[in-house]
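[1] Structural data only, the sequence is not supplied:
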């Protein structure tokens, strides 16, 4: 009896209608759910994104049900073949998606692209042949039971994934313990990061005597270098005073949440406030945390700014590998259509302090400059909220994605989207804007009579690099990338298409420090500093007690060596557990003439292993 009922069920219309859910599960549930969940902090925990895809998927499923149902009524065999085709399509898309090379949008504001690797195309072709062969070999009588079981699994998996997304809390770790205020702390600590502020560009800004006058007590370390060329490694390195040498790179990156400068300050009694470019930077020692995405949403009242990037990546992932770039191009229009439906392309004239917004629409994509825009909002928020903070025992970390591209602000911080294509001019305009905002913040500290007693650090996580060295030529600011004959040469075969001069320019990360009660004019230091020195220097200035060993040097001590090994690390930015390339600079005071020694690199240019060296002149 049970066999008879089971056989009838497998031949019923319900069965064929049910298995048509497979492509819906792939396109509207599992692929967008995975894309969202594994980078939910990147999407600012905006659950409306995956939920809206699920709603769209249900609507698409209803449409497919109607098509298959009508086909079954017109000609049953046609309806069966349509449902089997849809099942095979969904199975292929799920399996092929595993090999999708595209995951997130470049943070430098360039348009999303894919190399469309041949290997992925061949694998997808193999999967397609395998799925079609399975359907032809098994035929409906044996295929349908497998299809029903697989579709049921996808339904349960989709429901479970959706529940996980909805129920997963968006807040980070709670405060480690109730902290007692230390009455012996005098003055505050302000730690401001200007992403990709290259030292030579900053020094051009300080050629202006009036600009220098706003920075009394500061020392600018003119030969400072970063130890990593990307934020995700540079940030944990300068916060912990360590370098990644072995073990899990991901575990090392997260060390700052358990040890490092923030914990040192917390243990000393400082109350920690953090304005972060990423929601997942929150750690248990931070009392007040705001991400750039959250500030953007609060200031603009818009919660869907990431729909466009999400839609682009989603469409690229569901399309065959050979059509990835075409899908990215088509999805630009799709994203704009979504925005029009949600009516979120608004002008930003509610905030008169951002000039030019009445003439342009709110940036909503990374390539439109949403992160520099959010950074301007963040720095203004820091200024506004300063009066609510106390005068002693506060540590404020603000990481602005400025003057990082895309370039959308002129020197007066007026919104000018046309600067995105202006190269060095656009970059230096944003350099001036970033410093204008810093000056506004410093003037607010002076107005509140907190400037003198405060310790202030302003630095970059990396240089800019793309434009090479920045210099003045007559009345113009230009970028120097080295010998034109070598301009197209990829140093170490890197995917960023940088030559040696661009890579070395990227190491030129600004570092400026004002100790408490320092008051002399802005001065330049000749010391060979590195970002890894930051934790040791602040520990020395603030008398922080930490048992952890760091590799940095306290820069205000007399015993800082005149010469030191200048090392930075290069790695493929897209790799989760990358192989590090160790690069030693022979003359950090004259990078354009410097010889570099490379270790640990294996590639077309060399067969050097970890213990061998290759010299590039």
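    Cool, the structure landed. Quantities reported herein were computed from a predicted structural model and do not represent experimental measurements.
[2] Kindly confirm my reading that residue 267 is in a helix.
    Yes - with DSSP: H, G, I helix; E, B strand; the rest coil as the criterion, residue 267 is located in a helix.
[3] What residues does it make contact with?
    Neighbour list for residue 267: 544, 545, 546 [criterion: Cβ atoms under 8 Å, 6 or more residues apart in numbering]. In this view, the C-beta of every residue, glycine as well, is placed from N, C-alpha and C.
[4] Could you count how many residues lie near the residue nearest to residue 533 when sequence neighbours are not counted?
    Among residues not flanking residue 533 along the chain, residue 552 sits closest, at 3.9 Å (Cβ to Cβ, 6 or more residues apart in numbering). Residue 552: 24 surrounding residues under other Cβ atoms under 10 Å.
[5] Name the nearest residue to residue 521, ignoring sequence neighbours.
    residue 216 (6.4 Å).
[6] how close does the one you found sit to residue 522?
    Using Cβ to Cβ, to the nearest Å, residue 216 is found at 7 Å from residue 522.
[7] Name the nearest of the contacts of residue 267 relative to residue 509.
    residue 544 (22.4 Å; Cβ to Cβ).
[8] tell me the contacts of that closest one?
    Going by Cβ under 8 Å, 6+ apart, the list of residues near residue 544 reads 264, 265, 267, 268, 538.
[9] Can you tell me the element it falls in?
    For residue 544, there is no enclosing helix or strand under DSSP states H and E.
[10] Residue 583 is in contact with residue 568, correct?
    Yes - Residue 568 is within contact range of residue 583, at 5.6 Å (criterion: Cβ atoms under 8 Å).
[11] Between the two, which is the more surrounded one?
    Applying other Cβ under 10 Å to residue 568 and residue 583 shows that residue 568 carries more neighbours, namely 27 against 24.
[12] quick one, phi/psi of the more buried one?
    phi -130, psi 170 (degrees, to the nearest 10).
[13] can you check residue 46 too?
    phi -80, psi 90.
[14] any idea how far it lies from residue 297?
    From residue 46 to residue 297 the distance is 9 Å (Cβ to Cβ).
[15] Compute the number of surrounding residues for residue 229.
    Neighbours of residue 229 using other Cβ under 10 Å come to 24.
[16] Check the one 5 residues further on too.
    Counted with other Cβ under 10 Å, the burial measure for residue 234 works out to 23 neighbours.
[17] Against which helices or strands is the helix or strand hosting it packed?
    Assigned by DSSP H and E, residue 234 belongs to helix 231-240. Applying 3 or more Cβ pairs under 8 Å, 6 or more residues apart in numbering; DSSP states H and E, one finds that helix 231-240 contacts helix 249-253, helix 261-268, helix 534-542.
[18] Same list (the ones you listed) but as a markdown table, adding distance to residue 477 and mean pLDDT.
    Listed next are the helices and strands packed on helix 231-240 as a markdown table, based on distance: least, Cβ to Cβ, whole Å; pLDDT from 0 to 100:
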| stretch | distance to residue 477 | mean pLDDT |
| --- | --- | --- |
| helix 249-253 | 35 | 91 |
| helix 261-268 | 34 | 94 |
| helix 534-542 | 28 | 95 |
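[19] Redo these as JSON lines? Include distance to residue 284.
    Listed next are those as JSON lines, based on distance: least, Cβ to Cβ, whole Å:
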{"stretch": "helix 249-253", "distance to residue 284": "16"}
{"stretch": "helix 261-268", "distance to residue 284": "9"}
{"stretch": "helix 534-542", "distance to residue 284": "18"}
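[20] the inter-axis angle of the helix holding residue 234 versus helix 534-542?
    30 degrees (axes from the mean of the first three to the mean of the last three Cα atoms, to 10 degrees).
[21] Which positions in helix 231-240 come out as buried?
    231, 233, 234, 235, 236, 237, 238, 239, 240 (16 or more other Cβ atoms under 10 Å).
[22] surely residue 455 meets residue 190?
    Yes - assessed by Cβ under 8 Å, residue 455 is found in contact with residue 190 at 7.4 Å.
[23] Looking at these two, which is more packed in?
    Taking neighbours as other Cβ under 10 Å, residue 455 and residue 190 compare with residue 190 leading, 24 against 21.
[24] what sits against residue 78?
    Neighbours of residue 78 in contact, by Cβ under 8 Å, 6+ apart: 71, 72.
[25] rerun that using 7 Å as the cut-off
    residue 71 (Cβ atoms under 7 Å, 6 or more residues apart in numbering).
[26] How much space separates the residue lying closest to residue 291 once chain neighbours are set aside from residue 490?
    Distances taken as Cβ to Cβ, 6+ apart put residue 279 closest to residue 291, at 4.3 Å, once the chain neighbours are dropped. Applying Cβ to Cβ, the value for residue 279 to residue 490 is 33 Å.
[27] if we can go back for a sec, for the helix holding residue 234, give the mean pLDDT please.
    Helix 231-240 carries an average pLDDT of 95.
[28] and that helix with helix 261-268, angle?
    Going by the same axes, to 10 degrees, helix 231-240 makes 30 degrees with helix 261-268.
[29] quick one: which of the buried residues of helix 231-240 is nearest to residue 431?
    After measuring the buried residues of helix 231-240 against residue 431 - Cβ to Cβ - the closest member comes out as residue 231, at 17.7 Å.
[30] just checking, the closest one touches residue 509?
    No - Residue 231 lies out of contact with residue 509 (Cβ atoms under 7 Å); the separation is 10.8 Å.
[31] Give the intersection of the neighbour lists for the two.
    With Cβ under 7 Å, 6+ apart as the test, residue 231 and residue 509 both reach 461, 462.
[32] Tell me which of residue 46 and residue 297 has more neighbours.
    residue 46 (21 against 17).
[33] ok, now how distant is that one from residue 52?
    10 Å.
[34] Counting neighbours, what do you get for the residue nearest to residue 521?
    16.
[35] Please state the backbone phi and psi of it?
    phi -60, psi 140.
[36] same deal with the one 5 residues further on?
    Residue 221 has phi and psi values of phi -90, psi 100 when expressed as degrees, to the nearest 10.
[37] And it, how far from residue 396?
    In terms of Cβ to Cβ, residue 221 sits 21 Å off from residue 396.
[38] repeat for residue 242
    For residue 242, the distance to residue 396 - Cβ to Cβ - is 23 Å.
[39] how many neighbours does residue 187 have?
    So residue 187, with other Cβ under 10 Å, has 20 neighbours.
[40] Quickly find the element holding it.
    Using DSSP H and E, no helix or strand contains residue 187.
[41] Pretty sure it sits against residue 517.
    No - if you go by Cβ under 7 Å, residue 187 and residue 517 don't touch, sitting 8.3 Å apart.
[42] intersection of neighbour lists for the two?
    With Cβ under 7 Å, 6+ apart as the test, residue 187 and residue 517 both reach residue 453.
[43] where are the low-confidence patches of the stretch 451-600 of the chain?
    482-489, 495-496, 547, 574 (pLDDT under 70).
[44] where along it do the helices fall?
    For the stretch 451-600 of the chain, helices defined by DSSP state H, counting those that start in this stretch occupy the ranges 500-506, 534-542.
[45] Got phi/psi on residue 228?
    Torsion angles, degrees, to the nearest 10, at residue 228: phi -140, psi 150.
[46] how many other residues sit next to it?
    As a measure of burial, residue 228 has 26 neighbours, counting by other Cβ under 10 Å.
[47] the strands in the stretch 401-550 of the chain, which residues?
    455-459, 469-473, 476-480, 511-514, 523-525 (DSSP state E, counting those that start in this stretch).
[48] okay, these in TSV with distance to residue 286 next?
    Below are these laid out as TSV (distance: least, Cβ to Cβ, whole Å):
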stretch	distance to residue 286
strand 455-459	17
strand 469-473	34
strand 476-480	37
strand 511-514	22
strand 523-525	31
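[49] Cheers, nothing more for now.
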